[in-house]
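Undergrad: here is my input, please return the structure:
(chains A and B)
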Amino acid sequence: MTDVTTLPREEETSAEESCARAPVGLLAELTHRCPLQCPYCSNPVDLERVNTELSTEEWQSVMRQAAELGILQIHLSGGEPTARRDLEAIIETAAEVGLYTNLITAGVLLTKERLAKLQEAGLDHVQLSIQDVDPENADRIGAYKGGAKKKHEVAKWVRELDMPLTVNAPLHRQNIDNLPAIIDYAVEVGAGRLEVAHIQYYAWALKNRAALMPTEEAFSKTVEIVKEAKERLKGILVIDFVVPDYYAKYPKPCMGGWGRGIINVTPSGRVLPCHASESLPGLQFDNVKERPLADIWLNGQAFEIYRGTDWMKEPCKSCPRKEIDFGGCRCQAYALTGDATNTDPACSLSPLHENWAKVAQEESHKAAPEFVYRRMGKTQVTVNK
Amino acid sequence: MSEGNAPKRLIVEADSKLKLPRHIKLRHDAGRDKWLLLAPERVFEPDDTSVEVLKLCDGEQTVSAIAGILAERYQAPADVILKDIIEMLQELADKGVVKS
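TA: Below is the predicted model of the structure:
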C-alpha cells in the first residue's frame, strides 16, 4: 500500500511527474493570532493582522474550491485556528464537500463543549501540540502559564469524544532530553500518532537557532530512542520522526516538491506553495479573493517558478536524487546562499554544506541565548530565566 | 498508568472481527480514478485486494469468513487466502486503519 502523505515530511515521495497534478492537502492558516509565543513558530516573522483575515464566506469558498480541485485533506492551522469563532462553520462546509478535516491546535482556548461542537460539525482528527512534558519548561517555551496542564486536559477530552488524536512535539535542545517521557505521554493520553519533529530552522526558528539547536550527540540519541519506541509500540502508537536537516546527509523534499502536493493559504487569502515562501524574492502571490484556486495552482507564477526540475542548476540538475528531494528547500537555499535556485545547503553536495553544518556544531555547544518570542508587530527579546 | 489500562497491539487472527474506525475513510476518488484511504494526516492508496478485503471488514464477519468469500469469488484455496489477508490486515492494524 502506498502512502501519499499530505503534510511535508522527509520520509517518502515517489516522483511520478513534474507537471502540475491535483494537490493532496491544503494548509489553511485561518489566523495568525495565537495565545502562545513559541520561539520556533513556522509563521512568518511579519505576522498578518486580524483585520486582514478572510471572512467566513471566503474560507467556505476556499473549502469548496479545494474539493473541486481534488484536494483530499484540509489542515486547519494558524496561528491558533480555534481563535476563530467561525471554525465550526468552516469545518461544516469542508465536511459537506467531502474533505478530511484535521485541526492543528495548541488546545489552550478549547473547552470540551467547543470540541464536541467541532466534532459535530464534522471534524475528523485533532493534532495537539505540546512544548514539553515538564509543565514548567513547557509553559516557559510557549510563554503561556498553565498551558501544559490545559493541553493534558484537552487530550483527555479528545479521547473521551472518541476522536483520533495526534500529539505533536517539536524537539530542540531545551526539551530533547525528555523524548522518552514525551513518547510515554502520547501513549498515556491515548494518542494513535506522535509526531516528533526536530525544529526546522526558518522564520522564528531561524532567529532562535542558537537557542534551539541540539548537539549532534543529542540528536543521534533521539534517532535511537525513536527506533526502539517504534518497534516496542507497534500497533499502539505510530511515530513520525522529522530529523533536523543540519545533521542530515541529504535535504528533505520540501513540501514533497514545490507545487506538487500541497497548497498553503494564509489568513489574508494569499496562496503559497509553502508557508515560508513569502521570504523569497521575485514571487507573485495570488489571492483567493482575486483568482480561482485551481487557476492559481495550475498557472500561478509562484507555483510555476520552482515546479518540477527545469529551474535547477548543478549539482541538482544532473543529480539522480533530483526527483526524490527536489533540491531541498528553496527558502533555505535563498536564506543561506542568496540564490533560491542553488541546492539547499542541507545537501552534502552543496559547496556550503560543510560550513553550514559547522554552524550547528558550534551553536549547539555554546550556552543557549535567550528566546526571541513570537510576537505581533515587533520582535522582542524576553528574559527567560 | 496502570498496566491493566495499557493499550495493546491488536493481533489479527482467523476469528478476529475487524472494521474501519469512524475516522478512517475508504472512498473512490473520481478525479484520480483510484480507491483511497483517508487517515489522520495520511492518504493511503490500497491495492485492489486490500480494497476488496476492507469493504468486507464490517465488524461482524470474521477474517476467516472473509477469506471464504474471496476463495469462492476467485476459485482459490481458502487457507492460502486466509494467510495472505491476515498478514495484510495485521499491517493495516499496525497503521491504525482497522480495529476490532
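
Undergrad: residue 88: which element?
TA: No chain in the question, so chain A it is. helix A:87-96 (DSSP states H and E).

Undergrad: meant chain B actually
TA: helix B:78-94.

Undergrad: can you give me every residue that contacts the closest residue to chain A within chain B?
TA: Relative to chain A, the nearest point of chain B is residue B:9 (3.1 Å; CB to the nearest CB). Backbone N, C-alpha and C define where each C-beta goes, glycine included. Applying CB atoms under 8 Å, 6 or more residues apart in numbering or on different chains, one finds that residue B:9 lies in contact with A:234-236, B:93-94.

Undergrad: just to revisit the earlier point, so which elements touch the helix holding residue B:88?
TA: Applying 3 or more CB pairs under 8 Å, 6 or more residues apart in numbering or on different chains; DSSP states H and E, one finds that helix B:78-94 contacts helix B:48-56, helix B:63-74.

Undergrad: okay, the longest one in PDB with CA atoms only?
TA: Coordinates of the C-alpha atoms in helix B:63-74 are reproduced here as PDB (Å, rounded to 0.1, in the frame of the first residue of the first chain):
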ATOM      1  CA  VAL B  63     -11.300 -12.800   8.900                       C
ATOM      2  CA  SER B  64     -11.800 -16.500   8.100                       C
ATOM      3  CA  ALA B  65     -15.300 -15.800   6.700                       C
ATOM      4  CA  ILE B  66     -13.900 -13.000   4.500                       C
ATOM      5  CA  ALA B  67     -11.200 -15.400   3.200                       C
ATOM      6  CA  GLY B  68     -14.000 -17.900   2.400                       C
ATOM      7  CA  ILE B  69     -15.900 -15.300   0.400                       C
ATOM      8  CA  LEU B  70     -12.800 -14.300  -1.600                       C
ATOM      9  CA  ALA B  71     -11.800 -18.000  -2.100                       C
ATOM     10  CA  GLU B  72     -15.200 -18.600  -3.700                       C
ATOM     11  CA  ARG B  73     -15.000 -15.400  -5.800                       C
ATOM     12  CA  TYR B  74     -11.600 -16.200  -7.200                       C
END
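
Undergrad: pLDDT on that helix, on average?
TA: The pLDDT scores in helix B:63-74 average 95.

Undergrad: for chain A, which helix is longest?
TA: If you go by DSSP state H, chain A has its longest helix at helix A:216-232.

Undergrad: pull out the buried positions in it.
TA: A:216, A:218-219, A:221-222, A:225-226, A:229-230 (16 or more other CB atoms under 10 Å in any protein chain shown).

Undergrad: any residues touching the helix or strand just after that helix, and which ones?
TA: Next along the chain after helix A:216-232, taking DSSP H and E as the criterion, comes strand A:238-242. Applying CB under 8 Å, 6+ apart, the external contacts of strand A:238-242 come out as A:9-11, A:183, A:192-198, A:200, A:222-223, A:226, A:229-230, A:233, A:252, B:94-96.

Undergrad: filter those residues to the buried ones?
TA: Looks like the contacts of strand A:238-242 have A:9-10, A:183, A:192-198, A:200, A:222, A:226, A:229-230, A:233, A:252, B:94-96 buried, using 16+ other CB under 10 Å.

Undergrad: just the pLDDT at residue B:89, thanks.
TA: On the pLDDT scale, residue B:89 gets 96.

Undergrad: same deal with residue A:7?
TA: With respect to pLDDT, residue A:7 has a value of 45.

Undergrad: hmm, the helix holding residue A:88 touching chain B?
TA: No - using CB under 8 Å from any CB of the partner chain, we find that helix A:87-96 stays clear of chain B, coming within 11.0 Å at best.

Undergrad: quick check: buried residues in that helix?
TA: Across helix A:87-96, burial judged by 16+ other CB under 10 Å covers A:87-88, A:90-95.

Undergrad: pull the CA atoms of that helix into CSV?
TA: Extracted as CSV, the C-alpha positions of helix A:87-96 are listed here (Å, rounded to 0.1, in the frame of the first residue of the first chain):
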residue,chain,number,x,y,z
LEU,A,87,-14.3,27.5,12.9
GLU,A,88,-17.4,25.3,13.2
ALA,A,89,-18.9,26.9,10.0
ILE,A,90,-15.7,26.4,8.1
ILE,A,91,-15.4,22.7,9.2
GLU,A,92,-19.1,22.1,8.3
THR,A,93,-18.5,23.3,4.8
ALA,A,94,-15.3,21.3,4.4
ALA,A,95,-17.1,18.1,5.7
GLU,A,96,-20.1,18.7,3.4
